[in-house]
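In: quick one, structure for this:
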Amino acid sequence: MKVLFIASVYRHLTAFHIPYMKYLQRMGYEVYAAAASDELRKNDLLNMGFICIDVPFTRGPFSKDNLEAYRNLKSLFQQESFNLVHVHTPVAALLTRMAFRRSTSGKVIYTAHGFHFYKGAPLLNWLTYYPLERLAALWTDHLITINEEDYKRALKMGFSENSVHYVHGVGVDPIENRSNEEDKKVLKLKLGISEEATVISYIAEINQNKNHIFLLRNWKIIKERSPCASLLLIGDGELRTEIEKYIQEHSLKDIHMLGFRNDVAELLGITDIVSLLSHREGLPKSIMEAMAASIPCIVSDTRGLRDLIISNKSGFIIPHEKDELLVDSFVSLLNNKKLRKKMGLTAYSTVQPYRIENVLKEYNEIYDDVLRNR
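Out: Below is the predicted model:
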């Protein structure tokens, strides 16, 4: 019995799907992983006993390079039979379903981690991705969505209530930061943060979608009204140099660009507020992790983010381009420790359905139904 997990890059699988791959492995399935080559993440998967297959995916849906990926997948499905193919990420999912569509055995599950067509999305997204997903729906046995908007959209696309499920994301582990106060002081010192600082963490890849500039362009005003504020930008990406230049040219103080980190749990231990102001999200794990650590969040009014945060209770939801409201929200939390604690406790309470053990149960039921064809 064989199961294949596919994504555009191995990093996606190692970041989000290990618990589900291990579950199927424990159930006796031989678990395969296919993605674009990445030796570091690939080795992580190999060390866990998964079988890895390199497929040269590229992100652009119409890139000629994806023709080779499609041919590789066709060849793979001619050589191997899978009981289940679980696809992730738009381009890899589309190509896989195309290549698998004439297979006489096995089922296909697609987890949509946030459709690229959504309320407020650019017209080009709708013209590009919506027709492709409508077509690929014909080759999909089951669809999993992780936010309410996508679930409703899937029903309108023709999926029946029996063939689409809304699950609580990819799951989040309880955040247990065992660092004592002295350890936290030491970490702040290492990062160049004053012991008295109130810390905001922005955990995201540095790209256009994650919209760091919304916060940065308001940072001087926030600092004037809350001099204690310190900002950690955790993550790397294509716009890092541009963001560094912006910070320098505008003489923004107390901003620390940390790049990619493996110690996010420890960083959350010194964090008072978490922010994410993206244009597009599916259901961001960084915000779920913040909530699991009892940290209030300030987020943009974006699908996925508004699924998690209850405005004025577990944090604040800010409409895009509302600079004054963004500033007021940060200042109110930065200057009020009791409010941060109250909102943090509410965040912790509301994130419980998203804990990994609860989401695993949701996935287990779906796998059981699809694999047994009930």
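In: pretty sure Leu84 sits against Ser105.
Out: No. At 10.4 Å, Leu84 and Ser105 do not qualify as touching, with contact defined as C-beta atoms under 8 Å. Glycine gets a C-beta too; all of them are placed from N, C-alpha and C.
In: who has more neighbours, the two?
Out: Leu84 (21 against 7; other C-beta atoms under 10 Å).
In: now list whatever residues contact both of Leu84 and Ser105.
Out: The contact sets of Leu84 and Ser105 do not overlap (C-beta atoms under 8 Å, 6 or more residues apart in numbering).
In: can you show me the strands along the stretch 251-374 of the chain?
Out: For the stretch 251-374 of the chain, the strands defined by DSSP state E, counting those that start in this stretch cover 255-259, 273-276, 297-300, 315-318.
In: residues in contact with the second one?
Out: The set of residues that contact strand 273-276 without belonging to it, under C-beta under 8 Å, 6+ apart, is 198-204, 210, 215, 268, 284, 286-287, 290, 295-300, 305, 330, 333-334, 340.
In: ok, 7 Å please
Out: 200-204, 215, 284, 286-287, 290, 295-299, 305, 333, 340 (C-beta atoms under 7 Å, 6 or more residues apart in numbering).
In: okay, now the domains of the chain?
Out: The record, using automatic domain parsing to delimit domains, assigns the chain the ranges 2-171+355-372, 181-353.
In: contacts only, for Asp150.
Out: Taking C-beta under 7 Å, 6+ apart, one finds 112, 114-115 in contact with Asp150.
In: okay, it and Lys156: tell me how far apart.
Out: Asp150 sits 11 Å away from Lys156, going by C-beta to C-beta, to the nearest Å.
In: just Phe115 next, same as before
Out: For Phe115 relative to Lys156 (C-beta to C-beta), the value is 11 Å.
In: likewise for Lys107?
Out: Distance from Lys107 to Lys156, by C-beta to C-beta: 23 Å.
In: what of Ile193?
Out: On the measure of C-beta to C-beta, Ile193 and Lys156 end up 48 Å apart.
In: ok, the two, which is more surrounded?
Out: Ile193 (19 against 7).
In: and stretch 192-201, which residues are buried?
Out: Across stretch 192-201, burial judged by 16 or more other C-beta atoms under 10 Å covers 193, 197-201.
In: make TSV out of those residues and add secondary structure.
Out: Output for these, formatted as TSV (DSSP: H, G, I helix; E, B strand; the rest coil):
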residue	secondary structure
Ile193	coil
Ala197	coil
Thr198	strand
Val199	strand
Ile200	strand
Ser201	strand
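In: out of these, which one sits closest to Lys185?
Out: Nearest to Lys185 among these, counting by C-beta to C-beta, is Ile193 at 9.9 Å.
In: can you tell me the SS state at the residue nearest to that closest one when sequence neighbours are not counted?
Out: Using C-beta to C-beta, 6 or more residues apart in numbering and skipping residues adjacent in sequence, the residue nearest Ile193 is Ser230, 5.1 Å away. At Ser230 the chain is in strand, as set by three-state DSSP.
In: repeat for Val170
Out: From three-state DSSP, the assignment for Val170 is coil.
In: how about Ala7, secondary structure?
Out: Per three-state DSSP, Ala7 ends up strand.
In: so who does it touch?
Out: Counted by C-beta under 7 Å, 6+ apart, Ala7 has contacts 13, 35, 88-89, 92.
In: returning to what we had before: in a markdown table, list the domains of the chain along with mean pLDDT.
Out: A markdown table is the format used below for the domains of the chain (pLDDT from 0 to 100):
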| stretch | mean pLDDT |
| --- | --- |
| domain 2-171+355-372 | 92 |
| domain 181-353 | 96 |
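In: look up phi and psi at the most centrally placed residue in the chain.
Out: Geometric centre of the chain, nearest residue: Pro284, 4.0 Å, by C-alpha atoms, centre = their mean. Backbone torsions of Pro284, given as degrees, to the nearest 10, read phi -70, psi 130.
In: would you mind measuring from it to Lys210?
Out: Applying C-beta to C-beta to Pro284 and Lys210 gives a distance of 10 Å.
In: again with Val87
Out: From Val87 to Lys210 the distance is 24 Å (C-beta to C-beta).
In: now do Glu244
Out: In terms of C-beta to C-beta, Glu244 sits 15 Å off from Lys210.
In: so these two - more neighbours on which side?
Out: Lys210 (23 against 14).
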